[in-house]
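Trainee: Below is the sequence, then the predicted model.
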Amino acid sequence: MSTLELVYAPETISMFTPGPSVFLAGPTPRNQSQQSWRPEAVEWFEKVGFTGTLFLPEPRDGKFSHGYEDQIEWEHKGFILSSVVMFWVPRDLSTGMYGFTTNVEFGLAAGRALNVTDMTYGRPDNADKCKYLDLLFKKFRSDQEVHSTLESLVRATAFMAQR
């Protein structure tokens, strides 16, 4: 594989995805006024030369037309089949980017309840209410750092996925 493949929810996730794969976990915009952080992450993966598959848990067109339970199943499958689950948590309570679901997924992944072997984590320095995530990550993934920029997080994730 020599390209970057993007798989959006609810597109089919192959059980036999060749090469490295990364699930882009973190808060998802819930309305049109919020900007997704994932397009910038994809740009960074392109800039660092990542060749593999990125799983993005939001629809390609931005419109959630599939069921809530279908979304959960899609995400759990992506978590399990990814080489690395990357958590970026730009939590901003003033704009409605809460990340409540992200908190649960993060805890399950950090504690390996979702069979997530490799994960990375970061949040901007000004992200709201991330202290617990920081401490949890340091406890369960003590060999890694908490990243404060999306660029740094993507670089570490790409390296981990391609090793």
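Mentor: That came in fine, so what should we check first? Numbers count the residues shown, from 1 in each chain.

Trainee: What segments of the protein are helices?
Mentor: 38-47, 68-81, 100-110, 131-140, 150-162 (DSSP state H).

Trainee: could you dump those to JSON lines with mean pLDDT?
Mentor: Putting those into JSON lines (pLDDT from 0 to 100) gives the following:
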{"stretch": "helix 38-47", "mean pLDDT": "98"}
{"stretch": "helix 68-81", "mean pLDDT": "92"}
{"stretch": "helix 100-110", "mean pLDDT": "91"}
{"stretch": "helix 131-140", "mean pLDDT": "94"}
{"stretch": "helix 150-162", "mean pLDDT": "97"}
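
Trainee: most packed of those?
Mentor: Stretch with highest mean neighbour count among the helices of the chain: helix 150-162 (a mean of 20; mean count of other CB atoms under 10 Å). C-beta: built from backbone N, CA, C; applies to glycine.

Trainee: how about the nearest residue to residue 103, chain neighbours excluded?
Mentor: Leaving aside its sequence neighbours, residue 103 sits nearest to residue 133 (CB to CB, 6 or more residues apart in numbering; 7.2 Å).

Trainee: Settle this for me: that neighbour is touching residue 119, isn't it.
Mentor: No: with contacts counted by CB atoms under 8 Å, residue 133 stays clear of residue 119, the gap being 11.6 Å.

Trainee: okay, and the common contacts of those two?
Mentor: residue 87 (CB atoms under 8 Å, 6 or more residues apart in numbering).

Trainee: Can you name the residues that contact the residue nearest to residue 103?
Mentor: 87, 89, 103, 106, 121, 123.

Trainee: OK, contacts around the last one?
Mentor: Under the criterion of CB under 8 Å, 6+ apart, the contact partners of residue 123 comprise 88, 89, 90, 91, 130, 133, 134, 146, 147, 148.

Trainee: how far away is the nearest residue to residue 46 once chain neighbours are set aside from residue 18?
Mentor: In space, residue 46 comes closest to residue 4 once its chain neighbours are excluded; the distance is 6.0 Å by CB to CB, 6+ apart. To residue 18, residue 4 is 13 Å away according to CB to CB, to the nearest Å.

Trainee: okay, these two: which has more neighbours?
Mentor: Ranked by neighbour count (other CB atoms under 10 Å), residue 4 and residue 18 place residue 4 first, with 14 against 10.
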